[in-house]
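Participant: let's see this in three dimensions:
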Amino acid sequence: MRPSEVFKFCPRCAAPRAPGNVGQSPLQCAVCQFTFYFNPTVAAAAFVSRPDGRALFIRRAHDPAAGKLGIPGGFIDFGETAEEGLRREIREEVGLVVEHVRFLMSFPNLYLYREVTYPVVDLVFTASAVEPDAAAALDGVAGIEWRFPRDVADDELAFDSMRVSIAAVRAGAGA
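Facilitator: Purely as a prediction, here's the structure:
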């Protein structure tokens, strides 16, 4: 189910949505004229490298894609830039401080959470770990692995956006 399908009533006046309007974006209330847009959320993640060229991959502890590999990152909070959110998420997930943060690419993604499929725009970066040996599996991370991107099979990765972005990293983009 998409977020636009969850709202069966106007969030302002509680009027029922017109049958033809349920699931449509934007939500347009025929009673109070309120308009609500269902836009994608934004996430940022990074291929964090160490001097030997290996990148940090996390083993996801929770669904979606529990047990699959990902790269550290997460959703951007209100008031954060993509880079600020990225740095916060990396600290929360693996305890690292990063430098040389560079934008690699963006890619649309779908994120299934509690029966709702959220549209997401993933912003993917490259970065260097300041102290790579300090990496640890923390929030939402079952384990960490330092691997060469060329050695990670696409079917090991959690999301389509990671499969597309790792191809760019393998091709030398963002270096």
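Participant: OK, contacts around the closest residue to Ile90 other than its chain neighbours?
Facilitator: Nearest-residue entry for Ile90: Pro72, 4.7 Å, with adjacent residues in sequence omitted and distances by Cβ to Cβ, 6 or more residues apart in numbering. C-betas here are computed from N, CA, C, even on glycine. Counting by Cβ atoms under 8 Å, 6 or more residues apart in numbering, Pro72 makes contact with Ala45, Ala46, Val48, Leu56, Ile58, Glu89, Ile90, Glu93, Val94, Leu96, Val141.
Participant: part of a strand, is the first one?
Facilitator: Same thing as Ala45. Yes: assigned with DSSP: H, G, I helix; E, B strand; the rest coil, Ala45 falls within a strand.
Participant: buried ones in the host helix or strand of Val164?
Facilitator: Val164 belongs to helix 160-170 when assigned by DSSP states H and E. Buried residues in helix 160-170, counted by 16 or more other Cβ atoms under 10 Å: Ser161, Met162, Arg163, Val164, Ser165, Ile166, Ala168, Val169.
Participant: from Ser106, how far off is the closest residue to the last one other than its chain neighbours?
Facilitator: What that stands for is Val169. Excluding its sequence neighbours, the residue lying closest to Val169 (Cβ to Cβ, 6+ apart) is Pro149, at 4.8 Å. Remark: distance between Pro149 and Ser106 (Cβ to Cβ, to the nearest Å) = 18 Å.
Participant: okay, the two: which has more neighbours?
Facilitator: Counted by other Cβ atoms under 10 Å, Pro149 and Ser106 do not tie: Pro149 has more neighbours, with 19 against 16.
Participant: the more buried one touches Ala171, doesn't it?
Facilitator: No: at 10.0 Å, Pro149 does not count as touching Ala171 under the criterion of Cβ atoms under 8 Å.
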